[in-house]
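Undergrad: only geometry, no sequence info:
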């Protein structure tokens, strides 16, 4: 072998070794990025937490998005169909969706049911057929669960008024109770439920097996002249319901076998102003919206969406949020808000974070202690907001 | 705002009848009324017997003060004082007719609206047109004397597509029933 040939071999060998090394490096780099072909997967989530907001898309849209109040990030979505109602199992294991659908989407056979979802996988576990329900959405009081999570009450209107009792343990419809002139449910643990009625009373339905006794309070409000919002707020620990009327009259009632309505107070007087009334041209601060108030149960602070205007403006969005100390009957905070929100809710933990939505496209998270806007969630949903209640 | 009080109206009606009729006369009229009752909507008749209402600008709601009678495709058209939803007049329908392919609901919620041309109040039945996707045009939400779910006939959130072959909401009409 000549020197020239030897040199050529060495050069070729070096070149091959070099290219192999380069290839190896490339393989190593590729392995670091994609070790193998990916498999599709599905996440699971935690059981419902007090820091979560469950936000409906708004009228005509389906789905309930879950956002964390601390981060403002979306956690997941419960498959709530249009105009359905969501119930959160007190033990945190299930989500219940009272809903209505048709065999051919918008026609065919109507089916009313409660769909049961696992709270961690969000997989459908079962369906409980029911004889009907009011198709409206936007109310927290049309589908309520008992404290032990064993029973659901589902409001029906067809257009006669009744309440369906559903056994959630056996996943079975039990029976319906007719309730003419009343609508929605206020939980009444150990008794049954109570409802606001057109004659200005609260009816209490004491359920005793296959029968029930219906009793009423004395009339205490005028259902036509100064109605109380159907979206009442219930405090399970205090067994107390908080009610708000169009003029801004705040009432609480102790809920039990006999419902005791407390002394009312004016929200404007609690804020150092003249009480608002029903007369036209009387400009005042009025409560307004679809879900116009939220109660932070641990502190007894009631948060209300308020706007300036005339009477019969009860669906108008808010210019301010008023924080009312229910025990002292005083407005202690007033925060301006943007985009005229019509729904408000507050987390029941110490963070006490408020969410408002329904005016613009953002769902806004506000620190109730400071009024500071913490997160603006674009397209966060414009419908009813629900939180986990402490039992 | 005048409080709607059917008891007081009924009492007034009965007193007027008692004062102006003989017993035999009232029996024959009552019989006639019973036969004819289904023909007449009772509410506007009884409401017509109510005391003369105050129609001064000071007594009118903000909606009534600014309502107009010319354009029924606008939210401030006088009949829409308690409407919520898409106006059927903007969806290929009319003030009391559904757009083609939609089905009118046989039941409705009601409003009592003042016509600015004659200053009188009229009972308006808001009938939803059903069975088609939401029209989406001319969305209005007026709330004069609009209440909550326990007074459903005065609540405008409920989808009133009861008794129709589909409960899908398309749009809302504003049908005149009579003087309020």
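TA: Perfect, thanks for sending it. Everything quoted here is computed from the prediction, not taken from an experiment.

Undergrad: where do the strands sit along the stretch 51-200 of chain A?
TA: Taking DSSP state E, counting those that start in this stretch as the test, the strands found in the stretch 51-200 of chain A are A:52-56, A:64-68, A:74-78, A:85-88, A:94-104, A:107-118, A:124-130, A:143-145, A:151-157, A:161-167, A:172-178, A:182-188, A:192-197.

Undergrad: oh sorry, the question was meant for chain B
TA: Secondary structure of chain B (DSSP state E): strands at B:84-86, B:103-104, B:109-115, B:120-130, B:139-141, B:169-179.

Undergrad: closest to residue B:157 out of the ones you listed?
TA: Of all the strands of chain B, strand B:84-86 sits nearest to residue B:157, with 6.6 Å by Cβ to Cβ. In short, each C-beta sits where N, CA and C put it, glycine included.

Undergrad: What residues does the stretch 201-350 of chain A have near chain B?
TA: A:222-225, A:227-230, A:278-281, A:290, A:309-315 (Cβ under 8 Å from any Cβ of the partner chain).

Undergrad: now residue 87, nearest residue through space, not along the chain?
TA: Picked chain A for this. In space, and not counting its chain neighbours, residue A:87 is closest to residue A:96: 4.0 Å by Cβ to Cβ, 6 or more residues apart in numbering or on different chains.

Undergrad: wrong one, I was asking about chain B
TA: residue B:138 (4.0 Å).

Undergrad: how far away is that neighbour from residue B:92?
TA: Taking Cβ to Cβ, to the nearest Å as the measure, residue B:138 falls 12 Å from residue B:92.

Undergrad: which ones are touching the residue in chain B that chain A sits nearest to?
TA: Closest to chain A within chain B is residue B:149: 3.8 Å, counting by Cβ to the nearest Cβ. Residue B:149 is in contact with A:134, A:136, A:139, A:142, A:155, A:157, A:183-184, A:230, B:155, B:157-158, counting by Cβ atoms under 8 Å, 6 or more residues apart in numbering or on different chains.

Undergrad: want to throw these into TSV with neighbour count and pLDDT?
TA: Converted to TSV, these look like this (neighbours: other Cβ atoms under 10 Å in any protein chain shown; pLDDT from 0 to 100):
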residue	neighbour count	pLDDT
A:134	27	96
A:136	19	92
A:139	23	96
A:142	26	98
A:155	28	98
A:157	20	95
A:183	26	97
A:184	28	95
A:230	25	98
B:155	21	95
B:157	21	93
B:158	19	92
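
Undergrad: What about residue A:71, how many residues nearby?
TA: 12 (other Cβ atoms under 10 Å in any protein chain shown).

Undergrad: any idea how far residue A:341 is from it?
TA: Distance of residue A:71 to residue A:341, computed by Cβ to Cβ: 21 Å.

Undergrad: what about the chain, any weak spots by pLDDT?
TA: Going with chain A. Filtered on pLDDT under 70, chain A yields the residue ranges A:1-34, A:391.

Undergrad: switch to chain B, that's the one I care about
TA: Looking at chain B by pLDDT under 70, you get B:1-52.

Undergrad: Please parse it into its domains.
TA: Following automatic domain parsing, chain B resolves into domains at B:6-48, B:57-179.

Undergrad: quick one, what contacts residue A:272?
TA: Each residue near residue A:272 by Cβ under 8 Å, 6+ apart is listed here: residue A:331.

Undergrad: Confirm it sits in a strand?
TA: No: Residue A:272 is assigned coil when assessed by DSSP: H, G, I helix; E, B strand; the rest coil, not a strand.

Undergrad: number of nearby residues for the nearest residue to residue B:93 once chain neighbours are set aside?
TA: Closest residue to residue B:93 apart from its sequence neighbours, by Cβ to Cβ, 6+ apart: residue B:99 at 3.9 Å. Neighbourhood size, residue B:99 [other Cβ under 10 Å]: 18.

Undergrad: Do I have it right that residue B:99 meets residue B:172?
TA: No: look at residue B:99 against residue B:172 with Cβ atoms under 8 Å: they stay out of range, at 11.4 Å.

Undergrad: Helices of chain B, residue ranges please.
TA: Taking DSSP state H, the helices of chain B run over residues B:6-20, B:23-36, B:42-48, B:62-66.

Undergrad: What's opposite the nearest residue to residue A:292 once chain neighbours are set aside in the beta bridge?
TA: Excluding its sequence neighbours, the residue lying closest to residue A:292 (Cβ to Cβ, 6+ apart) is residue A:305, at 4.8 Å. Beta bridges link residue A:305 to residue A:321, judged by DSSP bridges.

Undergrad: need the contact list for residue A:283.
TA: Applying Cβ under 8 Å, 6+ apart to residue A:283 gives the contacts A:308-310.

Undergrad: residues in contact with whichever residue of chain A sits closest to chain B?
TA: Per Cβ to the nearest Cβ, residue A:183 is where chain A lies closest to chain B, at 3.8 Å. Taking Cβ under 8 Å, 6+ apart, we find residue A:183 in contact with A:134, A:155, A:157, A:161, A:195-197, A:230, B:148-150, B:152.
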